[in-house]
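[1] A predicted structure for the sequence below; I have some questions about it.
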Amino acid sequence: MSAPATTSPRIAWTDDEPPPQGRYLLDRSRLLGPLLLMPAVIYIVALVGIPFVLAIAYAFSDATVGDQSLDWVGLDNFRSIWDDATFQTALRNTFYFTFVSQAIVVVLASILAIVLDSDFHGKKLVRFLVLLPWTTPIALAVIGWLWTLDSVYSPIDAILRDVGLLGPGTHFGPGNSMLWLAKPDLAKLSVLFIHVWRTTPLAAVIVLAGLASIPKELNEAAAIDGASEARQIFLVRIPLILPILMVAILYGVVFTFTDMAVVYILTRGGPIDSTQVLASWSFFKGVEGTNLAQGAAIALFLFPVLVAAAIVMLRMARRTETI
Amino acid sequence: MASIETRGLTKRFGDNPPAVDRIDLLAADGEFLVLLGPSGCGKTTLLRMIGGLETPTAGDVVIGGTVVTGLPPRARRIAMVFQSYALYPHLSVHDNIAFPLRAQHMPKAQQEQRINWAAQILGIEEYLDRKPRQLSGGQRQRVALARALVREPSVFLLDEPLSNLDAQRRASARDELLLFQRSIGTTTIYVTHDQVEAMGMGDRIAVINLGQIRQIGPPREIYDEPADTFVATFLGSPPMNLVTEGMTTTGFRPEHFQPVDGHEAHPSDRLFSFVAHREEYLGSERLIYGEVEGDKVVARFPATFHHEIDFGTPLEFKVSRHHLKYFDAGTGLRIEQPE
């Protein structure tokens, strides 16, 4: 008694001919799971894990670009960089650029998102334009700003001159240039501004997604319940997007805190190291200054803040999973 | 308390046929008016225009004698309960109910008094500290009602408020909702696609199809004297049987369709030749599916009526003439009995 031969092409065997072993190996999740995970694991170990371990090892050694042998020196590197005034400036600047810029970004991104969430003509074009700064490669964008803030060619200066605010005998006079990148305060302001300019679009898009996820009926219920537009925004919409606003802030914090491109290209840390941040100072010390050990030690100061950000992010991810 | 009136109210979305087409409607002060229709018939759009959430293309909304067409929702003294309840998820039950009061800057002490009053009416005092997600569907619905009730609106707009409840809970919620409306006496417009809700709750029912009111009247009138074949077949489960001969469609309810068997047919009875195909036994009743002159018809007997049906052979069935309704076969509109 054998089963009637099947004509279905999907079942390629009969009772007489057992299914080929091994053909369905990839259907087993115990095999498929690790296989799919492998590239990510290799990537993380090679490009994150090993460099991180190396950085810690360097930080406690006397390694230089010329001599990479790891001789234990204890906390010497940390002691000497801590006593360095430039390091102190870099540490302060890193926090200043990160947290001040993100405070501004939260406000701007929320306003932008609420505006973009409403219906108006040309909304798609505006959305596209808003996203542009984020899609531009950071190095290119900063080079653009370098020219925009240039002491000779700055269009901002040209406009200020045209409206009579810059030049001899004017409010910002008597020079013909603001010297944006040559004065410490203006240089810091410029770096801060570029961070805001760069991270606002992503934050706005994240908040916009949050706004879009609020059921339409909630806004309508609030309107029926007698809430004015402002009340609806502050009592319903913003409280509801707070969690996602946190996500946007954390992204911005991580981006800004670790960024060296803006400072490196715009000011090279200057004038007189007044815009140095941890990332750029680490690079200048460790790579350009060939003191690998101190560069690594400086970079490790980024670690606690990034760990804190990662923990908060993971917690929030877990919380959204349980809802 | 206020009456609600719509005058030639019309809504078009783009170039589509109007979602709501010149609707004139009057809900008297304190009335419970049900808007009944299939999904997409325009009943929700109509309700949303009354509430001010949708701007009419033409026509006016009048609440309590005042034209409110151009006014925002908050200027209309209305309360609305949404199908999803639309409770604010980040606020406690207490704060949800307080929301409309805070929006009108009511003094704190008075707010608390009102919240307690509303919570008591709906029996949700114990949940005041909870968040909406910690409540069951029925509890959420009551919170939504409390939020609607708390500022004593002149009009209640309810958009399928029971459709998220399971069948058992729905029957008791229907009962509670009706008692509640009777006790506060607020003019209510209630949107549903469920004919049982409509029949059981409405003082009057407006049956809507394709953006127009097909018939408006008390449930009994809508059921017994349908104005057209749409109303005749939309209400009733199973719906009215329709048998078309020439230019006339004859309608009769399944419960009026009886076997002649054993009894002499009365002169006032109209006889039909019925071929039965199958039977559904529903516990309290039996449904016999079959056809009369090519049209599908259903007969409904109480389950206590033990009558053997011969399937496949023509049987003699009768309908008392005063239960027969006649419709124009072309327009579907009700007509007088043809000669």
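    Now that the structure is in, tell me what you want to look at.

[2] At the contact with chain A, which residues of chain B appear?
    Counting by Cβ under 8 Å from any Cβ of the partner chain, the positions of chain B adjacent to chain A are B:51-53, B:72-74, B:78-80, B:82-84, B:86-90, B:99-100, B:103-104, B:147, B:151. Every residue, glycine included, has its C-beta placed from N, CA and C.

[3] what about burial for those residues, which qualify?
    Buried subset of the residues of chain B next to chain A (neighbour count, 16 or more other Cβ atoms under 10 Å in any protein chain shown): B:51-53, B:73-74, B:78-80, B:82-84, B:86-90, B:99-100, B:103, B:147, B:151.

[4] ok, residue A:113 to residue A:237 distance?
    If you measure residue A:113 against residue A:237 using Cβ to Cβ, to the nearest Å, the figure is 9 Å.

[5] ok, the two, which is more surrounded?
    residue A:113 (25 against 21; other Cβ atoms under 10 Å in any protein chain shown).

[6] My understanding was that that one contacts residue A:211; is that so?
    Yes: between residue A:113 and residue A:211 there is a contact under Cβ atoms under 8 Å: 5.6 Å.

[7] is it fair to say residue B:273 lies in a helix?
    No: the assignment for residue B:273 is strand, going by DSSP: H, G, I helix; E, B strand; the rest coil, so no helix is present there.

[8] what's the neighbour count on it?
    Around residue B:273 there are 11 residues (other Cβ under 10 Å).

[9] is the closest residue to it other than its chain neighbours in a bridge, and if so with what?
    Closest residue to residue B:273 apart from its sequence neighbours, by Cβ to Cβ, 6 or more residues apart in numbering or on different chains: residue B:314 at 4.7 Å. Counting by DSSP bridges, residue B:314 forms beta bridges with residue B:275.

[10] the longest helix in chain A is where?
    For chain A, the longest helix by residue count, based on DSSP state H, is helix A:85-117.

[11] next helix or strand past it?
    helix A:123-135 (DSSP states H and E).

[12] Off-centre distance for that next one?
    Its chain's C-alpha centre and that of helix A:123-135 lie 18 Å apart, by Cα atoms, centre = their mean, to the nearest Å.

[13] got it, and stretch A:259-275?
    The answer for stretch A:259-275 is 18 Å, by Cα atoms, centre = their mean.

[14] any idea how far residue B:55 is from residue A:223?
    13 Å.

[15] what about these two, which has more around it?
    Ranked by neighbour count (other Cβ under 10 Å), residue A:223 and residue B:55 place residue A:223 first, with 22 against 10.

[16] Pull out the buried residues from the worst-scoring helix or strand of chain B on mean pLDDT.
    Sorting the helices and strands of chain B by mean pLDDT, DSSP states H and E puts helix B:167-184 at the bottom, at a mean of 83. Residues of helix B:167-184 classed as buried by neighbour count (16+ other Cβ under 10 Å): B:170, B:173, B:174, B:177, B:178, B:180, B:181.

[17] Report the contact partners of the first one.
    If I follow you right, that is residue B:170. Residue B:170 is in contact with B:162, B:197, counting by Cβ atoms under 8 Å, 6 or more residues apart in numbering or on different chains.

[18] now the stretch 151-300 of chain A, which segments are flagged as low pLDDT?
    Within the stretch 151-300 of chain A, the ranges that satisfy pLDDT under 70 run A:173.

[19] coming back round to it: wait, the residue nearest to residue B:273 touches residue B:276, no?
    No: assessed by Cβ under 8 Å, residue B:314 is found out of contact with residue B:276, at 9.3 Å.

[20] Between these two, which is the more surrounded one?
    residue B:276 (21 against 13).

[21] out of everything not next to it in sequence, what's closest to that one?
    What sits nearest to residue B:276 in space, not counting adjacent residues and going by Cβ to Cβ, 6+ apart, is residue B:290, at 3.9 Å.

[22] I'd like to know which elements the helix or strand hosting that neighbour is packed against.
    Secondary structure from DSSP H and E places residue B:290 in strand B:285-292. Strand B:285-292 is packed against strand B:269-281, strand B:295-302, with contacts defined by 3 or more Cβ pairs under 8 Å, 6 or more residues apart in numbering or on different chains; DSSP states H and E.

[23] count of residues packed around the one residue in the stretch 1-150 of chain A that gets nearest to chain B?
    Proximity of the stretch 1-150 of chain A to chain B (Cβ to the nearest Cβ) peaks at residue A:119, 12.6 Å away. Residue A:119 sits with 5 neighbouring residues when counted by other Cβ under 10 Å.

[24] Quick check on it: phi, psi?
    For residue A:119, the backbone dihedrals (degrees, to the nearest 10) come out as phi -90, psi 120.

[25] now swap in residue A:168 and tell me
    Dihedral angles (degrees, to the nearest 10) for residue A:168: phi -60, psi 130.

[26] What is the neighbour count of it?
    8.

[27] do you know how far the closest residue to it other than its chain neighbours is from chain B?
    Spatial nearest neighbour of residue A:168, chain neighbours left out: residue A:174 (4.3 Å); criterion: Cβ to Cβ, 6+ apart. Distance of residue A:174 to chain B, given as Cβ to the nearest Cβ, to the nearest Å: 55 Å.

[28] Please enumerate the helices of chain B.
    Going by DSSP H, chain B shows helices at B:43-51, B:93-103, B:108-122, B:137-149, B:167-184, B:195-201, B:219-224, B:229-234.

[29] Go ahead and confirm residue B:323 touches residue B:252.
    Yes: here residue B:323 reaches residue B:252: they are 5.5 Å apart, a contact under Cβ under 8 Å.

[30] Those two: who's more crowded?
    Neighbour comparison, residue B:323 and residue B:252: the larger count goes to residue B:252, with 25 against 15 (by other Cβ under 10 Å).

[31] Can you name the residues bridging to the residue nearest to the more buried one when sequence neighbours are not counted?
    Closest residue to residue B:252 apart from its sequence neighbours, by Cβ to Cβ, 6+ apart: residue B:319 at 4.5 Å. Counting by DSSP bridges, residue B:319 is bridged to residue B:270.

[32] No further queries at this time; thank you.
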